[in-house]
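**Student:** Quick one, what's the 3D model for this:
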Amino acid sequence: MASTYTTNTGIELIANGEQSGTWGNTTNTNLQIIDRLTNGVGTITLSGTTHTLTTTDGSLSDGQYRVLLLAGSPSGTNTITVAPNDQTKLFFVKNGSGQSAVFSQGSGANVTIPNGESAIIYCDGAGSGAAVVNISATFDLTTFLEASNNLSDVASASTARSNLGLAIGTNVLAYDANLQAFVTALTLPTSDGTNGQALVTNGSGTVSFGSAGIGTGKAIAMAIVFG
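**Tutor:** Next comes the predicted model:
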């Protein structure tokens, strides 16, 4: 009986008595395929608007990578056809190609991954009517942001404060327009002054520590005059 191949991966199954003296090469290729299937990260260079992602029986091929990094310079939205259409596939995809990528396997549903985004997708291998499904699109991420399940609520500031146990005026200072205007208008010092100094302004918006009021000489003169 001749050697056969696994349904979805292209791994060669050596029949009894086959490949005498060469089975080691086939086995090594099979192990490399398994490595791609489990941990393989492959860069898929796209060009134009179409690309075929193929799994070839008995040899290393791009369709065996678990993680696909889309790159290249496609001229527009690129349709990536997964072949053959009768193999089930699971891919982790990161699209950095500069264009949207559409994954297709047959006449069934496709998955579009915009540039700069990532997705976990699978191909159902249903032949001519095969479909591609975005698993990550079904992840329930909103539940973890609801007030009943978390300390924040991105849709409501007041609810977020309540969840955090914060009250304006008690735990958080209320907004003061006058204070904000004061801070905006003036340049304040960033370190303390010396003993006896006061905050003085130069009349142009800069506040610093310095002497203020009547100088020593003037104070003595006034004491002599007024007693």
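**Student:** And the strands in this structure, which stretches?
**Tutor:** Taking DSSP state E, the strands of the chain run over residues 4-5, 12-13, 41-54, 67-83, 89-95, 101-104, 111-113, 118-123, 132-134, 198-201, 207-210.
**Student:** Tell me which other helices or strands the last one touches.
**Tutor:** In other words, strand 207-210. The contact analysis (3 or more Cβ pairs under 8 Å, 6 or more residues apart in numbering; DSSP states H and E) places strand 207-210 against strand 198-201. The C-beta positions use only the backbone N, C-alpha and C, and glycine is treated the same way.
**Student:** What strands flank the strand it packs on, and is each parallel or antiparallel?
**Tutor:** strand 207-210 (antiparallel) (DSSP bridges).
**Student:** And the partner strand, how far out from the chain middle?
**Tutor:** From the chain centre to the centre of strand 207-210 is a distance of 47 Å (Cα atoms, centre = their mean, to the nearest Å).
**Student:** and if you look at stretch 61-75?
**Tutor:** The answer for stretch 61-75 is 19 Å, by Cα atoms, centre = their mean.
**Student:** Likewise for stretch 197-217?
**Tutor:** The answer for stretch 197-217 is 52 Å, by Cα atoms, centre = their mean.
**Student:** What of stretch 84-95?
**Tutor:** 21 Å.
**Student:** Could you list the buried residues of that stretch?
**Tutor:** Buried residues in stretch 84-95, counted by 16 or more other Cβ atoms under 10 Å: 84-87, 89, 91-95.
**Student:** and if you look at stretch 95-112?
**Tutor:** 95, 97, 99-106, 108, 110-112.
**Student:** Which residues does that stretch contact?
**Tutor:** 46, 69-83, 85, 89, 91, 93, 113-119, 121, 123-134 (Cβ atoms under 8 Å, 6 or more residues apart in numbering).
**Student:** So which residue is smack in the middle of this structure?
**Tutor:** Glu117 (7.5 Å; Cα atoms, centre = their mean).
**Student:** So what sits opposite the closest residue to it other than its chain neighbours in the bridge?
**Tutor:** In space, Glu117 comes closest to Asn95 once its chain neighbours are excluded; the distance is 5.9 Å by Cβ to Cβ, 6 or more residues apart in numbering. Counting by DSSP bridges, Asn95 is bridged to Leu70.
**Student:** from the buried residues of stretch 95-112, which is closest to Glu18?
**Tutor:** Distance to Glu18, by Cβ to Cβ, is smallest for Gln105 among those, at 31.4 Å.
**Student:** about what we covered before: how about the buried residues of stretch 95-112 in TSV, adding distance to Asn30 and pLDDT?
**Tutor:** Shown next, in TSV, are the buried residues of stretch 95-112 (distance: Cβ to Cβ, whole Å; pLDDT from 0 to 100):
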residue	distance to Asn30	pLDDT
Asn95	30	98
Ser97	31	98
Gln99	35	98
Ser100	35	98
Ala101	30	98
Val102	32	98
Phe103	26	98
Ser104	28	98
Gln105	24	98
Gly106	27	97
Gly108	30	97
Asn110	31	98
Val111	29	98
Thr112	34	98
